[in-house]
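Enquirer: One predicted model, sequence on top.
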Amino acid sequence: MIGLGGIGQRHLRNLRSLLGNDIEIIAYRVRRLTSVITPTLQQNDELDVENEYGLRVFGDLGSALAERPDIAFICNPSSMHVPVALACIEAGCDIFVEKPLSNDLAGLPELQAAIEKHGRIAMVGYQLRFHPCFLRMQEILQQGLLGNLLGVRSIVGEYLPNWHRYEDYRTGYAARASLGGGVVLSQIHEFDYLYALFGMAKRLFSIGGHWSNLEIDVEDIASTLMQCEHDGRPLPVHLQQDYLQRPAYRQCEVVGDMGRAVINFPELSVTLHNFENGTEDQVSYKDFDRNLLFIRETEHFLDCVKTRKKPLVDLNEGMKSLRLALAAKESAASGQLVELS
């Protein structure tokens, strides 16, 4: 385990749940914060994370890798992912890297080359690929229930100070440029699932910046229009991201000439509107436990490690969403349209 913040501890809990105590888990830690972060993202100061999960802890990466671990979960700030991932690959580990892969593209070709050279498995943590609402939307599109697609609108907004109540939002990775923060990269899940549904954008234009009173040095809002393709025609895909909405809001609407489908993530529902007969069909997953996304993601990764098959989101797939996000940041900074090859 590399990084034991909220997401690192979630993966740690799930690994113990899936694999029990028969495996040894070690950790490379720098800050050595002791508190346990609960599944509801509360801080329990009465428990010590290292004792709670039976960890052996190392203060430098080389010593941890000298133990020859089989797998590395890389959950430190995104600006630190690539050098750590490369060291793990060269030490013989298969790797699971939390999203995003990085805050830039530096070192990623070398990392991909090392993965191929050493025959390692690498997966990027986009758990929305396992979300039942995403899978239902994917099914609707594959069955052609919307007809010719006309446009897509996706929106995600959540008040940054409410993300991790156990820490000062101003110190977290999402608020700091040096750690790879900003709304575009921190909410990169939307770029990933839009890419998975509609393919790689040909070009995009983005407007955004730090427009609120939040005490951060990164953008807190971004509005990005992407040109994808559907059946040889342009398909406009719009994504709105922000650090400001209360309560949190997350939705995706896809419009075709035969119907409209809407994912409401907070309500765990997908609604299909049929234009021809005026009917509305809603599928609800209201009892779905959010942690199952991470469980299924981890099960998939462990199966890939065992069978050596390609993960659903390997390094190349993970780079697609990163390229989109970085292009959005470039466009917002320059005020120019960005072409994507």
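Expert: Received, thanks.
Enquirer: Now do the helices in this protein.
Expert: In the chain, the segments counted as helices under DSSP state H are 6-19, 49-52, 61-65, 81-90, 108-118, 132-142, 183-186, 189-198, 291-307, 315-334.
Enquirer: List the buried residues of the first one.
Expert: The neighbour-count check on helix 6-19 (16 or more other C-beta atoms under 10 Å) flags 6-15 as buried. C-beta coordinates here come from the backbone N, C-alpha and C atoms, glycine included.
Enquirer: From these, pick the one nearest residue 29.
Expert: Of all the buried residues of helix 6-19, residue 8 has the smallest distance to residue 29: 9.5 Å, by C-beta to C-beta.
Enquirer: Leaving out chain neighbours, which residue sits closest to that closest one?
Expert: Nearest non-adjacent residue to residue 8, counting by C-beta to C-beta, 6 or more residues apart in numbering: residue 75, 3.6 Å away.
Enquirer: Point out where the stretch 151-300 of the chain drops to low pLDDT.
Expert: By pLDDT under 70, the stretch 151-300 of the chain contains no weakly predicted segment.
Enquirer: hmm, 90 instead?
Expert: 164-167, 173, 179 (pLDDT under 90).
Enquirer: Burial check on the residue nearest to residue 8, number of neighbours?
Expert: A count of neighbours around residue 75, defined by other C-beta atoms under 10 Å, yields 23.
Enquirer: what residues are up against it?
Expert: Counting by C-beta atoms under 8 Å, 6 or more residues apart in numbering, residue 75 touches 1-5, 7-8, 11, 98.
Enquirer: Sort out which residues of stretch 196-204 are buried, please.
Expert: If you call a residue buried by 16+ other C-beta under 10 Å, then stretch 196-204 has these buried ones: 196-198, 201, 204.
Enquirer: of those, closest to residue 25?
Expert: residue 196 (30.6 Å).
Enquirer: my read: that closest one touches residue 135, true?
Expert: No - using C-beta atoms under 8 Å, residue 196 is not in contact with residue 135; the gap is 10.5 Å.
Enquirer: thinking again about what came up before, tell me which of the buried residues of stretch 196-204 is nearest to residue 313?
Expert: Distances from residue 313 to the buried residues of stretch 196-204, taken as C-beta to C-beta, are shortest for residue 196 (8.5 Å).
Enquirer: Number of residues surrounding the closest residue in space to the closest one that isn't next to it in sequence?
Expert: Nearest residue to residue 196, sequence neighbours excluded (C-beta to C-beta, 6+ apart): residue 129, at 6.4 Å. Neighbour count for residue 129, taken as other C-beta under 10 Å: 21.
Enquirer: Hmm, residue 129 is touching residue 311, no?
Expert: No - the criterion here is C-beta under 8 Å, and residue 129 misses it with residue 311 at 10.0 Å.
Enquirer: thinking again about what came up before, and the buried residues of stretch 196-204 as JSON lines, adding distance to residue 250?
Expert: Output for the buried residues of stretch 196-204, formatted as JSON lines (distance: C-beta to C-beta, whole Å):
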{"residue": "196", "distance to residue 250": "16"}
{"residue": "197", "distance to residue 250": "15"}
{"residue": "198", "distance to residue 250": "17"}
{"residue": "201", "distance to residue 250": "20"}
{"residue": "204", "distance to residue 250": "20"}
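Enquirer: quick check, distance from stretch 29-46 to the centre of its chain.
Expert: 21 Å (C-alpha atoms, centre = their mean, to the nearest Å).
Enquirer: Report the mean confidence score over it.
Expert: In this model, stretch 29-46 carries a mean pLDDT of 84.
Enquirer: And for stretch 91-104?
Expert: Averaging pLDDT along stretch 91-104 yields 97.
Enquirer: then stretch 177-191 to PDB, C-alphas only?
Expert: Coordinates of the C-alpha atoms in stretch 177-191 are reproduced here as PDB (Å, rounded to 0.1, in the frame of the first residue of the first chain):
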ATOM      1  CA  ALA A 177      -1.700  22.400  -7.800                       C
ATOM      2  CA  SER A 178       1.500  20.800  -6.500                       C
ATOM      3  CA  LEU A 179      -0.400  17.600  -5.700                       C
ATOM      4  CA  GLY A 180      -2.200  17.400  -9.000                       C
ATOM      5  CA  GLY A 181      -5.500  18.900  -7.800                       C
ATOM      6  CA  GLY A 182      -8.200  21.000  -9.500                       C
ATOM      7  CA  VAL A 183     -11.700  20.100 -10.400                       C
ATOM      8  CA  VAL A 184     -10.800  18.900 -13.900                       C
ATOM      9  CA  LEU A 185      -8.400  16.200 -12.700                       C
ATOM     10  CA  SER A 186     -10.100  15.500  -9.300                       C
ATOM     11  CA  GLN A 187     -13.400  14.800 -11.000                       C
ATOM     12  CA  ILE A 188     -11.800  13.000 -13.900                       C
ATOM     13  CA  HIS A 189     -14.300  10.000 -13.600                       C
ATOM     14  CA  GLU A 190     -16.600  11.900 -15.900                       C
ATOM     15  CA  PHE A 191     -14.100  12.200 -18.600                       C
END
